[in-house]
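**Student:** Got a sequence here, can you model it:
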Amino acid sequence: MRRALLLVAALLFAAARFATLSIEPYGDSVLDLETGVTTLPQGGVIYDSANDVSIDAGYIEYVEDAYIVAKQAKMATEKVRIEAEKLRYVPEREEVVLEGKIVFDSDQLKGLEAGRGWVDLEHGVAVVSDGVRAASPELEAARLVAAYRDGEVLLFAPYRYRDEKLGATLKGTNPEKPLYLKFDLETGEVSASSRVPDEVRQRLLPYAQQDKRFTSEGQDSN
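**Tutor:** Residues are numbered from 1 along each chain as shown. A predicted model of the protein is given here:
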C-alpha cells in the first residue's frame, strides 16, 4: 500500500512539474501513442514558468516529464539569450545541451559563438567549445566556462583575449592554465589574470571536464 501511495505521489509530482509548461504550436501537434513523443513540425513556443525559460523554435518534439528537443531554436531566461541549430532541454534537471551553430548572449558576453555546449540553469553556468569566439569582449578559445550570474569566465587554451585595460592581446597555449576573467557586475569592467582563485577553480573546473553531447533524439551523453 505504501509503495502504491509513493508511486501515485511521484506521478502527481511529475504531472504537476510538466503542467508548468505552456505550449503554443505554430501548426500541427502530432502525438505518437507508441513512443509518447509529441511533435510540432511547424514549431512553436514553449514557456517553462518554473524555471522562467522560453523556447521559440521552427521544430519541436517533446516527451512529457522527460525532455524537449528544439531545432532552429531561440531560448531566453532572465540572464541569457541563446540561439542554436538544435537544443535539448530537461526541465527537471534545469539543463540545456546545445549543438550546431550557437550564439550566446549574457550581460557580460556579447555575440559569443561556438559549435556546441551546455548550460546548467540551476547554478548559472554555461560551457561552450568548438570555434569559441566573442565580439565583446574580443576573445577566442578552445573552450569557455562562464558563471554568468557571478561575472566569471575561464578561457581554455589555445586562447586569445584582447585586454582593453592593458591595451594588449593576451595569448595562452597551455590547456592546464586557463585565463580568468572577472567582470564587475555594476560597471562591466573586466579584469584578466592567469591566476585562478582556488574557490573558482574548484567550482568551475569540473564543468570544463564534462562533455555533454547529443547521441540521438532526446538523449545526451557525458
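**Student:** On the secondary structure side, give me the element for the residue most central in space within the chain.
**Tutor:** Centroid-nearest residue in the chain, with C-alpha atoms, centre = their mean: Val119, separated by 2.5 Å. Per DSSP states H and E, Val119 falls inside strand 112-120.
**Student:** And that strand, what does it pack against?
**Tutor:** In terms of contacts (3 or more C-beta pairs under 8 Å, 6 or more residues apart in numbering; DSSP states H and E), strand 112-120 is packed against strand 95-106, strand 125-134. C-beta coordinates here come from the backbone N, C-alpha and C atoms, glycine included.
**Student:** Redo these as TSV? Include mean pLDDT and distance to Glu34.
**Tutor:** Shown next, in TSV, are those (pLDDT from 0 to 100; distance: least, C-beta to C-beta, whole Å):
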stretch	mean pLDDT	distance to Glu34
strand 95-106	95	25
strand 125-134	96	35
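**Student:** so where's this structure uncertain?
**Tutor:** 1-19, 213-222 (pLDDT under 70).
**Student:** Going along the chain, name the helices of it.
**Tutor:** Assigned by DSSP state H, the helices in the chain fall at 2-18, 198-208.
**Student:** Can you point out the buried residues in the shortest one?
**Tutor:** The neighbour-count criterion (16 or more other C-beta atoms under 10 Å) identifies 200, 203-204, 207-208 as the buried residues of helix 198-208.
**Student:** and stretch 29-48, how far apart are its ends?
**Tutor:** End-to-end distance for stretch 29-48, by C-alpha to C-alpha, to the nearest Å: 18 Å.
**Student:** Pretty sure Glu138 sits against Asp163.
**Tutor:** No - in this structure Glu138 lies outside contact range of Asp163 using C-beta atoms under 8 Å: 9.3 Å.
**Student:** So for those two, which sits in the more crowded spot?
**Tutor:** For Glu138 and Asp163, the more surrounded residue by other C-beta atoms under 10 Å is Asp163, and the numbers stand at 17 against 14.
**Student:** Report the beta-bridge partner residues of the more buried one.
**Tutor:** Using DSSP bridges, the bridge partners assigned to Asp163 are Ala168.
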